[in-house]
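**Q** Need a 3D model of the sequence below.
(chains A and B)
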Amino acid sequence: AQTVTQSQPEMSVQEAETVTLSCTYDTSESDYYLFWYKQPPSRQMILVIRQEAYKQQNATENRFSVNFQKAAKSFSLKISDSQLGDAAMYFCAYRSGLGGNQFYFGTGTSLTVIP
Amino acid sequence: EAQVTQNPRYLITVTGKKLTVTCSQNMNHEYMSWYRQDPGLGLRQIYYSMNVEVTDKGDVPEGYKVSRKEKRNFPLILESPSPNQTSLYFCASSLGTGWDEQFFGPGTRLTVL
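**A** Numbering: from 1, shown residues only, chains lettered A, B, ... in the order given. Predicted coordinates for the structure are as follows:
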């Protein structure tokens, strides 16, 4: 089974500043997909950004971008110009490219945005 | 509106009393999955289904059953619930696998006394 590690249980950032959430994973596969999900206090799971492992270019979605280091098996999330609405639990997730049937999630990072 | 619905949203029950949590999606998705979320453990996959009549175990299937008789529905069954199954449960669906985005239901908070 794959493992996904989020080593920062809690992070905080000042409003308008930039914060980076870390994620590492363990796999022997070469083809896979990586995701970041956001879970606000409403508990709804929301996709933030995703990355295909065979693509070298880092994914970006507005203020959200990733730093994907395939050799290091690292997939960090950068949030620029942080907003109060970014406060949430963030989960990193892995999905195999072979069949892609199972998902593996990290334990999450709770992000606080300070006004 | 495209969505995944779960019922009930909240449930308190007692040990050993069989229960079913329903999940339905209206997006004609092939893939459906159940997760449980516990503090400090993140989300863990219980079961998933690639299509009608095709189901497979995830990481934590013990104590759960599922069925996929129709494409849109994927109920989670607890035949004899125990207190260690107290958790927040999410159903999710995606068009296929790989890159496809998973859409999550609103969650079901289950307490087993």
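
**Q** Show me what the helix or strand that contains residue A:75 is packed up against.
**A** Using DSSP states H and E, residue A:75 maps to strand A:74-79. On a contact count with 3 or more Cβ pairs under 8 Å, 6 or more residues apart in numbering or on different chains; DSSP states H and E, strand A:74-79 meets strand A:19-21, strand A:24-26, strand A:32-39, strand A:46-52, strand A:64-69, strand A:88-96. Any C-beta I mention is one placed from the backbone N, CA and C, and that applies to glycine too.

**Q** out of the ones you listed, nearest to residue B:97?
**A** strand A:88-96 (7.3 Å; Cβ to Cβ).

**Q** Each with direction, which strands does the following helix or strand past the closest one pair with?
**A** Using DSSP H and E, the helix or strand that follows strand A:88-96 towards the C-terminus is strand A:103-105. Sheet pairing for strand A:103-105, assigned by DSSP bridges, gives strand A:88-96 (antiparallel).

**Q** Rounded mean pLDDT for the strand it pairs with, please.
**A** Strand A:88-96 carries an average pLDDT of 95.

**Q** got it, and stretch B:24-33?
**A** On average, stretch B:24-33 scores 96.

**Q** Just the buried residues of it, please?
**A** B:24-25, B:29-33 (16 or more other Cβ atoms under 10 Å in any protein chain shown).

**Q** would you turn the helices and strands packed on strand A:74-79 into JSON lines with mean neighbour count?
**A** Putting the helices and strands packed on strand A:74-79 into JSON lines (neighbours: other Cβ atoms under 10 Å in any protein chain shown) gives the following:
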{"stretch": "strand A:19-21", "mean neighbour count": "19"}
{"stretch": "strand A:24-26", "mean neighbour count": "16"}
{"stretch": "strand A:32-39", "mean neighbour count": "22"}
{"stretch": "strand A:46-52", "mean neighbour count": "18"}
{"stretch": "strand A:64-69", "mean neighbour count": "18"}
{"stretch": "strand A:88-96", "mean neighbour count": "23"}
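
**Q** okay, those in CSV with distance to residue B:19 next?
**A** Listed next are the helices and strands packed on strand A:74-79 as CSV, based on distance: least, Cβ to Cβ, whole Å:
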stretch, distance to residue B:19
strand A:19-21, 36
strand A:24-26, 34
strand A:32-39, 24
strand A:46-52, 28
strand A:64-69, 38
strand A:88-96, 26
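
**Q** Which of these sits closest to residue B:4?
**A** strand A:46-52 (12.7 Å).

**Q** by contact count, what packs against that closest one?
**A** Using 3+ Cβ pairs under 8 Å, 6+ apart: strand A:46-52 touches strand A:32-39, strand A:60-61, strand A:64-69, strand A:74-79.

**Q** And these: which comes nearest residue B:99?
**A** strand A:32-39 (5.7 Å).

**Q** List the strands paired with that closest one, with their directions.
**A** strand A:46-52 (antiparallel), strand A:88-96 (antiparallel).

**Q** burial of the closest residue to residue A:115 other than its chain neighbours, as a residue count?
**A** The shortest distance from residue A:115 to any non-neighbouring residue, by Cβ to Cβ, 6 or more residues apart in numbering or on different chains, is to residue A:15 (5.3 Å). A count of neighbours around residue A:15, defined by other Cβ atoms under 10 Å in any protein chain shown, yields 13.

**Q** measure residue A:15 to chain B for me?
**A** Distance of residue A:15 to chain B, given as Cβ to the nearest Cβ, to the nearest Å: 27 Å.

**Q** right, and that residue touches residue A:85 too?
**A** No - using Cβ atoms under 8 Å, residue A:15 is not in contact with residue A:85; the gap is 10.3 Å.
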